[in-house]
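*Asks:* quick one, structure for this:
(chains A and B)
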There are 2 protein chains.
Amino acid sequence: MKVNFNPAKGMRDITPQEKEVRDYVEGVIVSTYKQSGFELIETPVVENIENLIGSKGGENLKLIFKILKRGEKLDFAKEGLTEEELADLGLRYDLTVPLSRFYCNNRASLPAVFKSMQVGNVFRAERAQKGRYRSFKQCDIDIIGDGTKAAELELIATTAKALTALNVTNFVVRFNDRRVLKSVILNCGFSEEEFDGVCIVVDKLDKVGLDGVAKEMKEKEYSEAAILQLVKALESINEKGTKCLAQYGVPEDVVSDVEEVLNQAREFAGGKYDVEFDFTLIRGMGYYTGSIFEIAYKDLGYSIAGGGRYDEMVGNFIGEKIPAIGFSIGFERLVNQLMDEKFKVPNLDKVVLLYEPSDRYIDVLKKADELRATGCTVAVYEKAKKLGKQLNQFADYGYSKFAVYSGQETEVKDLSTN
Amino acid sequence: MKVNFNPAKGMRDITPQEKEVRDYVEGVIVSTYKQSGFELIETPVVENIENLIGSKGGENLKLIFKILKRGEKLDFAKEGLTEEELADLGLRYDLTVPLSRFYCNNRASLPAVFKSMQVGNVFRAERAQKGRYRSFKQCDIDIIGDGTKAAELELIATTAKALTALNVTNFVVRFNDRRVLKSVILNCGFSEEEFDGVCIVVDKLDKVGLDGVAKEMKEKEYSEAAILQLVKALESINEKGTKCLAQYGVPEDVVSDVEEVLNQAREFAGGKYDVEFDFTLIRGMGYYTGSIFEIAYKDLGYSIAGGGRYDEMVGNFIGEKIPAIGFSIGFERLVNQLMDEKFKVPNLDKVVLLYEPSDRYIDVLKKADELRATGCTVAVYEKAKKLGKQLNQFADYGYSKFAVYSGQETEVKDLSTN
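*Replies:* Next up is the predicted model:
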């Protein structure tokens, strides 16, 4: 059999060196969240396909990995087969849809306001490209059952704290509200049906500029008058911020909500990072209903965390009104950036204990356990003929000390001085 | 849309209480393995389907979750569609096949003897039943590149150590060798082709007894003479252990290998757990080539860890001889057993800080951070009208202390004395 050793397209293997960094980063994030009272839960990577397809996942719905039915349920004899008839399960494309299902399923045993944390891989069959994978890790915190601004503030403050704990400081929090977007865009003369399409163009403002936005809107044949209004609004909001929102039809209470969150979040940041209102922040998920926000690297421009309010998803499941809001760290981008910066995990002593084939192995293992009792890591390997070369290799693998087994006389030495 | 809140069949949600136990157990296992010099790696849950189908996974190959091709690759127009034409990916059914592929893919950057650790979920479309899931976690350690008995001994000693660190002590290590099985079974007069089938029946000895085994073999129409021989051999091995293996055609060097591992492993155990030779230990995977072993709960009978030598899998991939051996803890069974025994995770102080809607939220958050600086967990929640009831709930969720926000005067009290 000819075997392809590469991981499947868009998937990847994680080597010990990278895994060490990843686990350290995950550990810092999880302990920051845990200390703030968020509770870890776990949901399966495989979900019933109806729950995925039926969610408002926007473009992500096109990227679902679907799992073939099994056994008798898989009927090839049927004419005109479709994907729907062939697949009954799918891999999750985010952690929010599974969380909503989880909450509905386990509500009886959860507190009225549930602060949840999830860390896990999600799957999207995107066109694979450098730095973009089809399976990637997300670290989410969500608050279900709290419709007040306290939830926005806690999520933003806690996510920023997790990044700060990793010495990531050069970032900016961007904040917007779907209700602001909707009011302004409709106020300019676009229709409800045009709203999503207009958002997609506005999202490109920082890449293509105002002229580019206007040009693309004309190509898409939106009303000239509405385009003109929107360009004016974009200029004015860019200049004056939230102060001018009321004149574009945004209700007073929405404006004051947005300003209140911005003010308190800024105060909590205490100048360590910026908190900005950004009308061009869109975020693709159709399930967002209010605040939307992200954290972006200041210099690099791209976002490392994103989230928002999705007050209708959980409620729709069970026919009640249940507010919900979440913030998700894109773990891969964060780790990639840290790896690029040659991030080093604080290291413990790693000792390699070498033995000869003639040594009784169990005696060697006992000696290793004796050394481990002092708290260090001790790996046991057979001594190579070329000891110097072998020791250099272990130094490369991050070992700092070595010992050659010789019973009671076994002595631990620094690898640098061999 | 009518929504089913249950996880997909055979999958499950993990609540905060269970997650806490699981993470503690995983943490103890991983740190034990890490301290012994095993290096954590990660492989994707999704593999190219050829690599799964082409592996010697025995019965597990029938249980693979297959993923539908996407886009143009999925051609419904074709006549006589088969699963092979529809699926290009699958979910891994164990961690050993991905590890072998990983090793071949990353060999250049790995040490000559690679001691690997993997923790992750595997997927098998088994008939769902109580306590048996279609997605479950395994914790594997493997040694690739060491063909000596040192590898058997280190895996057994280290896995036993991880269990002991969790205060699981009432277990027994069972040890056998595929070469012993083969020699004895062929020596009794069975053919090479009959070997796997005979093993399946011998596997049932502890359930159906010697008579049951003989009866089932007769039903399967094996040679009467061979059956008679095998029954005698089973009796004799049961009585005399490894001492009588030579007379059933097991080569001297295999017998002495087995005895040597048993002796040294027993010595390392130091009476804390038993290490037994068990000729009826079979283990289903077709890829095992030498030693096979498991750890079972003494009273409960079922196994919590299993493994063996698979000297041909990695080598076959790249056309070289590369010895390999692994030991896998069945995480779910271990956790279920600990949960049944009301296992308690060593707990840190958890404080709930309550606020009124009239408090400025960011001041509350700042106070929470002050309290966290002492190392405890502080969760922030709005104060309910019925404070007593609310505090009782938090006590149920594992909180030990509470405070009602009142600026500088905020005072932390014990929950038990509210």
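*Asks:* domain map for chain A?
*Replies:* In terms of domains, chain A is parsed into A:16-340, A:350-417 (source: automatic domain parsing).
*Asks:* pull the number of nearby residues for the closest residue to A:Asn176 other than its chain neighbours.
*Replies:* In space, A:Asn176 comes closest to A:Leu281 once its chain neighbours are excluded; the distance is 4.1 Å by CB to CB, 6 or more residues apart in numbering or on different chains. For the C-beta atoms, the positions are set from N, CA and C on the backbone; glycine is no exception. The local packing of A:Leu281 (other CB atoms under 10 Å in any protein chain shown) involves 23 other residues.
*Asks:* quick one: secondary structure of the nearest residue to A:Ala246 once chain neighbours are set aside?
*Replies:* Using CB to CB, 6+ apart and skipping the chain neighbours, the partner closest in space to A:Ala246 is A:Val255 (5.7 Å). Following DSSP: H, G, I helix; E, B strand; the rest coil, we place A:Val255 in the helix state.
*Asks:* just say which of the domains of chain A is most tucked in.
*Replies:* domain A:16-340 (a mean of 18; mean count of other CB atoms under 10 Å in any protein chain shown).
*Asks:* who touches the residue in the stretch 151-300 of chain A positioned nearest to chain B in this structure?
*Replies:* Minimum separation of the stretch 151-300 of chain A from chain B (CB to the nearest CB) falls at A:Gln264, amounting to 4.1 Å. A:Gln264 makes contact with A:149, A:153, B:360-362, according to CB atoms under 8 Å, 6 or more residues apart in numbering or on different chains.
*Asks:* if we use 10 Å, what do you get?
*Replies:* Residues counted as contacts of A:Gln264 (CB atoms under 10 Å, 6 or more residues apart in numbering or on different chains) are A:149-150, A:152-153, A:156-157, A:275, B:360-363, B:365.
*Asks:* my reading is that it is in a helix; is that accurate?
*Replies:* Yes. Assessed by three-state DSSP, A:Gln264 belongs to a helix.
*Asks:* how far away is it from B:Leu262?
*Replies:* From A:Gln264 over to B:Leu262 the distance is 67 Å, taken as CB to CB, to the nearest Å.
*Asks:* ok, A:Asp88 next?
*Replies:* Distance from A:Asp88 to B:Leu262, by CB to CB: 48 Å.
*Asks:* just A:Gly398 next, same as before
*Replies:* From A:Gly398 to B:Leu262 the distance is 35 Å (CB to CB).
*Asks:* same check, this time on A:Phe402
*Replies:* Following CB to CB, the distance that separates A:Phe402 from B:Leu262 is 31 Å.
*Asks:* cool, A:Val378 as well?
*Replies:* 25 Å.
*Asks:* what's the answer for A:Glu50, then?
*Replies:* 54 Å.
*Asks:* sketch out the low-pLDDT regions of chain A for me.
*Replies:* Applying pLDDT under 70 to chain A flags the ranges A:1-3, A:77-80, A:128, A:131, A:285, A:417-418.
*Asks:* go through it and flag its longest helix.
*Replies:* Taking DSSP state H as the criterion, chain A has its longest helix at helix A:16-35.
*Asks:* and it, anywhere near chain B?
*Replies:* Yes. Residues of helix A:16-35 contacting chain B under CB under 10 Å from any CB of the partner chain: A:16-20, A:22-23, A:27, A:30-32, A:34-35.
*Asks:* nearest spatial neighbour of the spatially most central residue of chain A, skipping sequence neighbours?
*Replies:* With distances taken as CA atoms, centre = their mean, A:Gly330 lies nearest the centre of chain A, 2.6 Å away. Nearest residue to A:Gly330 in three dimensions, chain neighbours excluded: A:Ile304, at 5.6 Å (CB to CB, 6+ apart).
*Asks:* re the thing from before, closest to B:Val412 out of the domains of chain A?
*Replies:* domain A:16-340 (14.1 Å; CB to CB).
*Asks:* off-centre distance for the closest one?
*Replies:* Mean-position distance between domain A:16-340 and its chain equals 10 Å (CA atoms, centre = their mean, to the nearest Å).
*Asks:* for that domain, measure first residue to last.
*Replies:* Terminal residues of domain A:16-340 lie 17 Å apart, using CA to CA, to the nearest Å.
*Asks:* for A:Asn48, give me phi and psi.
*Replies:* Torsion angles at A:Asn48 (phi, psi; degrees, to the nearest 10) stand at phi -60, psi 140.
*Asks:* what are the bridge partners for it, then?
*Replies:* With DSSP bridges as the criterion, A:Asn48 is bridged to A:Leu89.
*Asks:* spell out which parts of the stretch 101-250 of chain A neighbour chain B.
*Replies:* So the stretch 101-250 of chain A meets chain B at A:101-107, A:109-118, A:120-121, A:123, A:125, A:127, A:133-135, A:137, A:146, A:148-154, A:157-158, A:161 (CB under 10 Å from any CB).
*Asks:* quick one: which of the residues you listed sit in strands?
*Replies:* Within these, residues falling in strands by DSSP state E are A:114-118, A:120-121, A:123, A:135, A:137.
*Asks:* are the host helix or strand of A:Lys389 and chain B in contact anywhere?
*Replies:* Element membership for A:Lys389, per DSSP states H and E: helix A:387-396. Yes. Helix A:387-396 comes into contact with chain B (CB under 10 Å from any CB), by way of A:390, A:393-394, A:396.
*Asks:* and the helices in chain A?
*Replies:* A:16-35, A:49-53, A:83-86, A:96-106, A:149-165, A:178-187, A:195-202, A:205-219, A:224-240, A:252-269, A:313-318, A:331-340, A:361-372, A:387-396.
*Asks:* residues contacting the nearest residue to A:Lys66 once chain neighbours are set aside?
*Replies:* The spatially closest residue to A:Lys66, leaving aside those adjacent along the chain, is A:Ala87, at 3.7 Å (CB to CB, 6+ apart). With contact set as CB under 10 Å, 6+ apart, A:Ala87 has these partners: A:49, A:53, A:64-69, A:74, B:66-68, B:86.
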